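Q: Provided below for reference: sequence and predicted model.
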Amino acid sequence: MTSAYDATRLLMARSGVLLLLAMASVLAYLTRHSLAVANTTIQLELKINNEQFGYLYSAFSFGYMLFQIPGGWVGQKLGVRFVLPSMAILWSLMTFATAYVPTFAGLLVIRFLFGLAQAGLVPNQALAVRDWISDAGRGVSSAVMVVAMSVGSIASLSLTSQLLKKFPWRSIFIEYSFLGVAWALVFAVVYRATPDKVRWLRRDVNELSGGPTDSTDLSVPSPPSNEPLAAEELAPSRGAGIAAAPRPLSNWRLGVSLLGLSVQAMLKAAGYNLAVTFLPALLEYIHHVPPQQTGGHVTVALVLFIVGSMLGGGLLQWAFRMTGSKYISRSVIAAAMLAIAAVFTALAGYGETVTATAVLLAVGAFFSGLASAAPWVAVMDIGGRSTAVIMGFMNSFAALGGVLLSPLLGGLIDDIKDTEGDWSLVFLLHGAYYFVAAISWLFVDPNQSFESKARTTAV
């Protein structure tokens, strides 16, 4: 019989894994978005304009897009324990190299390689969450991953803007490069693929499953009535050792769901990217805010995105318990939240002060955050054991949005700046991105799966 102490140790181990995975996101986004804060400083030094800077964002997104699916596949073949530290070391090298780049062309190449290095992060995180966290905890666990990304963005925008007051931008990038290497060493030593691979947990997992387990079977039978925690809370369900027959892509409903996930990912990312790419520069141009203060204003939007994301995981689980419907608790909820985000993002273009613009964007970001856990959970529903590859497929479309839309946005900003045009067009455009993403969610059916055995357990 499993004691409450054993169950608590297993819960603590899972919490530790989530913390390590979340720290990877924090550090990845810290290094990724620091370029946005140093935007105008780098433009002056390298003599480039906003459209060219858009191509820097695009270069990162292009590399990020190319290696999403391969990054997920490599993670499934070689293991998260090897792949994630390797990527962290590679993106740290690119951060270090950024500090020494003398030309726009060199920076373009480095940003492309930077994107390649970070591409497999989200697919492998999703795989680790699926292997370590039960169905009952995946909504909140997915929200934790999204929150960590925004924490990294906030750290990047706020910390970098403060450091720029005292240090050259190149020195800041050098310091940032050491953080990823330190994380990689800790993760490689501590992480194991599944709970039954952790020696001090193996007895707990065996007892919870009623006998010995292997690395692929962590499902559990119904526990006795005096079991301290429900079985689905304590062990990830991985098909009970039954080989799942993959569903063919000719299943049109599955194909439509994948298309809907891909389109929403691309356009939701485009809406979010405004805050972490050109928004600091926009606030300078529109409201004449000095670059040392823009990070603080952008932080308002990212903080509310985090609050929304934290609540979003719980919202998914509550909606599923109330309705019993994966479609309502994932797709309908996400569509409604993104539609509201679209309205407030569009209205931000009419803010007459920097505070008004920041607040309206922040409210939009809050509702966008409420929808942020839905893609993770839907991918686990649909992908099953192919979660890493399917997450990579969806995330590659998110990156495609950066490839195609960042130069477009940079060119639009230059055109409005040169012609003294209407700045509200930028915010209306991003509101439209959110609205189309909302419509796309209505075509996503989380009940469609690559595994023939339907999963009916709660999030």
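A: Cool, the structure landed. Keep in mind that this is a model prediction, so the values were computed, not measured.

Q: List the buried residues for the host helix or strand of residue 176?
A: Using DSSP states H and E, residue 176 falls within helix 169-190. Of the residues in helix 169-190, those with enough neighbours to count as buried (16 or more other Cβ atoms under 10 Å) are 169, 172-173, 176-177, 179-181, 183-184, 187. In this view, the C-beta of every residue, glycine as well, is placed from N, C-alpha and C.

Q: next one: stretch 86-105
A: Residues of stretch 86-105 classed as buried by neighbour count (16+ other Cβ under 10 Å): 86-99, 101, 104.

Q: can you check stretch 350-366 too?
A: Neighbour-count burial for stretch 350-366 flags 351, 354, 357-366 (criterion: 16+ other Cβ under 10 Å).

Q: of all these, which comes closest to residue 434?
A: Within those, proximity to residue 434 (Cβ to Cβ) peaks at residue 364, which comes in at 7.4 Å.

Q: Averaged pLDDT, stretch 311-322. What do you get?
A: For stretch 311-322, mean pLDDT rounds to 87.

Q: Revised request: answer the last question for stretch 340-349.
A: On average, stretch 340-349 scores 93.

Q: residues in contact with the residue nearest the centre of the chain?
A: When the chain is reduced to its mean C-alpha position, the closest residue under Cα atoms, centre = their mean turns out to be residue 146, at 4.9 Å. The contact partners of residue 146, taken as Cβ atoms under 8 Å, 6 or more residues apart in numbering, are 309, 312, 369, 372-373, 376.

Q: Same question for residue 179.
A: Residue 179 sits next to 27, 30-31, 92 when contact means Cβ under 8 Å, 6+ apart.

Q: Which two of these have the greatest separation?
A: Going by Cβ to Cβ, the two entries of the contacts of residue 179 that are most distant from one another are 30 and 92, at 11.0 Å.

Q: Run through the neighbouring helices and strands of the helix or strand residue 271 falls within.
A: Residue 271 belongs to helix 252-276 when elements are defined using DSSP H and E. With contacts defined as 3 or more Cβ pairs under 8 Å, 6 or more residues apart in numbering; DSSP states H and E, helix 252-276 has these neighbours: helix 4-37, helix 291-323, helix 333-347, helix 354-370, helix 373-383, helix 387-419, helix 424-441.

Q: Let me know which of those helices is tucked in deepest.
A: Of all the helices and strands packed on helix 252-276, helix 373-383 has the most neighbours on average by mean count of other Cβ atoms under 10 Å, namely a mean of 28.

Q: In this structure, where is pLDDT below threshold?
A: Counting by pLDDT under 70, the chain contains low-confidence ranges at 1-6, 136, 193, 198-250, 276, 291-296, 451-459.

Q: Identify all contacting residues around stretch 401-416.
A: By Cβ under 8 Å, 6+ apart, the surrounding residues in contact with stretch 401-416 are 49-55, 57-58, 60-62, 64-65, 265-267, 269-270, 273-274, 277-278, 281-282, 285, 421-423, 425-426, 429.

Q: Stretch 150-157 too?
A: 22, 25-34, 36-37, 275-276, 280, 294-295, 298-299, 302-303, 305-306, 309, 369.

Q: likewise stretch 349-365?
A: Around stretch 349-365, the neighbours that count as contacts under Cβ under 8 Å, 6+ apart are 272, 275, 279, 283, 286-287, 289, 297-298, 300-305, 308, 340-345, 347-348, 423-428, 431, 434.

Q: Secondary structure element for the closest residue in space to residue 101 that isn't next to it in sequence, which one?
A: For residue 101, the nearest residue in space outside its immediate sequence neighbours is residue 107; the separation is 4.7 Å by Cβ to Cβ, 6 or more residues apart in numbering. Per DSSP H and E: residue 107 is located in helix 104-118.

Q: For that helix, which helices and strands make contact with it?
A: Judged by 3+ Cβ pairs under 8 Å, 6+ apart, helix 104-118 is in contact with helix 4-37, helix 39-46, helix 50-66, helix 80-98.

Q: Ok, which of these comes nearest residue 129?
A: Ranking those by distance to residue 129, with Cβ to Cβ as the measure, places helix 4-37 first at 7.1 Å.

Q: any idea how far the residue nearest to the centre of the chain lies from residue 197?
A: Using Cβ to Cβ, to the nearest Å, one obtains 26 Å as the distance from residue 146 to residue 197.

Q: want to throw the helices and strands packed on helix 104-118 into CSV with distance to residue 74?
A: Supplementary listing: the helices and strands packed on helix 104-118 in CSV, determined by distance: least, Cβ to Cβ, whole Å:
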stretch, distance to residue 74
helix 4-37, 16
helix 39-46, 32
helix 50-66, 13
helix 80-98, 6
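
Q: do you know which of these lies nearest residue 328?
A: With distances scored as Cβ to Cβ, the stretch of these nearest to residue 328 is helix 4-37 (26.4 Å).

Q: Report the angle between that closest one and helix 80-98.
A: With axes from the mean of the first three to the mean of the last three Cα atoms, to 10 degrees applied, the angle from helix 4-37 to helix 80-98 works out at 20 degrees.

Q: Make 114 the starting number, not 1.
A: In the new count, where the first residue is 114, that last one comes out as helix 117-150.

Q: and helix 117-150, how far out from the chain's middle?
A: Relative to the chain's own centre, helix 117-150 is displaced by 12 Å; criterion: Cα atoms, centre = their mean, to the nearest Å.

Q: for stretch 191-201, same thing?
A: The chain centroid and the centroid of stretch 191-201 are separated by 17 Å under Cα atoms, centre = their mean.

Q: Any buried residues in it, and which?
A: The neighbour-count criterion (16+ other Cβ under 10 Å) identifies 192-194, 196-201 as the buried residues of stretch 191-201.

Q: Could I have the CA atoms of that stretch written out in PDB?
A: What follows is the C-alpha trace of stretch 191-201 in PDB, where atoms were taken according to Å, rounded to 0.1, in the frame of the first residue of the first chain:
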ATOM      1  CA  LEU A 191      17.500  10.600 -28.300                       C
ATOM      2  CA  GLY A 192      15.600  11.700 -25.300                       C
ATOM      3  CA  VAL A 193      14.800  15.000 -23.600                       C
ATOM      4  CA  ARG A 194      17.700  14.700 -21.200                       C
ATOM      5  CA  PHE A 195      20.200  14.900 -24.000                       C
ATOM      6  CA  VAL A 196      18.500  17.200 -26.500                       C
ATOM      7  CA  LEU A 197      17.400  20.100 -24.200                       C
ATOM      8  CA  PRO A 198      20.800  20.700 -22.600                       C
ATOM      9  CA  SER A 199      22.400  20.500 -26.100                       C
ATOM     10  CA  MET A 200      20.100  23.200 -27.300                       C
ATOM     11  CA  ALA A 201      20.700  25.400 -24.300                       C
END
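
Q: what sits up against it?
A: With Cβ under 8 Å, 6+ apart as the criterion, stretch 191-201 contacts 137, 140-141, 184, 187-188, 230-234, 237-238, 240-241, 244, 293-294, 296-298, 300-301, 304-306.
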